[in-house]
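*Asks:* after the sequence you'll find the predicted model.
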Amino acid sequence: MKRASWLITGGCGFIGTNLVHELTAGYDCRIRIVDNFSVGSAEDLAAVCDFRTASIDTLGKDRIELIEGDILDREFMLAAAEGIDCIVHLAANTGVIPSMEDPEHDCRVNVLGTLNCLEAARTRPGCRFILASSGAPLGEQEPPIREDMVPRPLSPYGASKLAGEGYCSAYHGSFGVSTAALRFGNVYGPRSVHKGSVIAKFIRQIFAGETLTVYGDGNQTRDFIFTGDLVRAVIACAGSDAAGEIFQIATSSECTINELLEELKEIFSSGYGIRFEVVYTGPRKGEVLRNYSDISKARRMLGWEPRGTLREHLEETVGWFAAQNQEAGDRRRETVPGRPSHPEISNGRPGRNGKEKT
């Protein structure tokens, strides 16, 4: 996989840009990113690498290519997979609450979109296929969460991700596609500016001087995994011959929301002189109370292990957000009336509309 051709759906998003950053830094591989810009943008990708925009008719000419398209377009996905050795399927409708607000949309994106991506992998003999899943398919279980537990999803999101895992198993069993599903813990880290998960949301709100809202009493637990650890797991899985398998990708550490808040209070107080307030309200439906994972299978079969501590990774994440806020403030101060506040990106990188700038 060090010299493979990768196709990453949703590659302009939080996990996608971190994966691209890791691949471009350490591997001599070719990368093709597919994104419809519903969350991430071409500018987000430009922050981690140089690339060229492409179309279906111009694929294969550059080491790193970005092509705008939708995973719900089957013919587009079949064409986008031409010459690809590994598909990492990150594009998805994410989150419990959005899935409850529009279950049909959640199903179309997460089930039919995954099916189209699997069909694309099926047309490429020997292509590796990795699905980004989560603990949501399992629902409320007595932790630690393991791969052999019977799934009981509580939300449409959990059901749609479970369907994706099922199709991965079926495409391996019926067609011999080398599939794997990775159940990510609660991911956090740099470049999570668009992410709605609890850590990214809390950090944005703290810097904005807002009061934090905790749903429930704050004793609900999650398994928070740093994005650097997660992308190493994806790369390890891509290079593995484990097919038709599911892996829990987390830290095996149970952390309450209240414990997370205490860590953030210390980081912001000591490092930035910022204090914040927290209010508690009623719990939200569809969300589990306790969740952390047994990652022994990933350790054994993928040779993967998370590194560092929650405190260390939170400090790095908060530092990244602080740097972004500083850069944004510098741009505002440098803006002159009559000139655009967002200068064009040079060196072949795209602007906000994804078009190449020269």
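*Replies:* Now that the structure is in, tell me what you want to look at.
*Asks:* now the strands for this structure?
*Replies:* 5-9, 30-35, 52-54, 64-68, 86-89, 128-134, 178-184, 186-188, 212-215, 221-222, 224-226, 245-249, 255-256, 278-281 (DSSP state E).
*Asks:* please export the C-alpha coordinates of the last one as CSV.
*Replies:* Right, the one you point to is strand 278-281. Output of strand 278-281 as CSV, limited to C-alpha atoms (Å, rounded to 0.1, in the frame of the first residue of the first chain):
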residue,chain,number,x,y,z
VAL,A,278,-21.5,24.7,31.7
VAL,A,279,-25.3,24.1,31.9
TYR,A,280,-27.0,20.7,32.1
THR,A,281,-30.2,19.8,30.4
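*Asks:* does anything pack onto that strand? Which helices or strands?
*Replies:* strand 212-215 (3 or more C-beta pairs under 8 Å, 6 or more residues apart in numbering; DSSP states H and E). To be clear about C-beta, it is placed using only N, CA and C from the backbone, and glycine gets the same treatment.
*Asks:* could you dump the strand it packs on to CSV, C-alpha only?
*Replies:* Coordinates of each C-alpha in strand 212-215 appear next as CSV, following Å, rounded to 0.1, in the frame of the first residue of the first chain:
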residue,chain,number,x,y,z
LEU,A,212,-21.5,24.9,27.0
THR,A,213,-24.6,22.6,27.1
VAL,A,214,-24.3,19.1,28.4
TYR,A,215,-27.2,16.7,27.6
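*Asks:* quick one: mean pLDDT over it.
*Replies:* Across strand 212-215, pLDDT averages out at 96.
*Asks:* partners of it, with directions?
*Replies:* Strand pairing for strand 212-215, using DSSP bridges, gives strand 278-281 (parallel).
*Asks:* look up how far residue 285 lies from the spatially closest residue to residue 62 that is not a sequence neighbour.
*Replies:* Using C-beta to C-beta, 6 or more residues apart in numbering and skipping residues adjacent in sequence, the residue nearest residue 62 is residue 52, 4.4 Å away. Between residue 52 and residue 285 the distance is 45 Å, computed by C-beta to C-beta, to the nearest Å.
*Asks:* in the protein, which helix or strand is least confident?
*Replies:* helix 310-334 (a mean of 88; mean pLDDT, DSSP states H and E).
*Asks:* ok, residue 52 and residue 285, which is more surrounded?
*Replies:* Neighbour comparison, residue 52 and residue 285: the larger count goes to residue 52, with 16 against 11 (by other C-beta atoms under 10 Å).
*Asks:* bridging residues for that one?
*Replies:* Here residue 52, judged by DSSP bridges, has bridge partners residue 65.
*Asks:* what about it, distance to residue 310?
*Replies:* Distance, residue 52 to residue 310, by C-beta to C-beta: 38 Å.
*Asks:* which residues are in contact with the least confident helix or strand of the chain?
*Replies:* Applying C-beta atoms under 8 Å, 6 or more residues apart in numbering, the contact partners of helix 310-334 are 188-193, 199, 203-204, 207, 224, 226, 228, 251, 253, 255, 260, 263-264, 267-268, 271-272, 341-342.
*Asks:* distance from that helix to the middle of the chain?
*Replies:* Distance of helix 310-334 from the chain centroid (C-alpha atoms, centre = their mean, to the nearest Å) equals 20 Å.
*Asks:* got the buried residues for that helix?
*Replies:* For helix 310-334, burial by neighbour count (16 or more other C-beta atoms under 10 Å) applies to 310, 313-318, 320-322, 324.
*Asks:* ditto for stretch 67-75
*Replies:* Of the residues in stretch 67-75, 67-71, 74 count as buried by neighbour count, 16+ other C-beta under 10 Å.
*Asks:* got CSV for those residues, with distance to residue 10 and pLDDT too?
*Replies:* Shown next, in CSV, are the buried residues of stretch 67-75 (distance: C-beta to C-beta, whole Å; pLDDT from 0 to 100):
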residue, distance to residue 10, pLDDT
67, 13, 97
68, 12, 97
69, 11, 97
70, 11, 97
71, 8, 98
74, 17, 97
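*Asks:* from those residues, which is closest to residue 91?
*Replies:* Comparing the buried residues of stretch 67-75 against residue 91 with C-beta to C-beta places residue 71 closest, at 5.1 Å.
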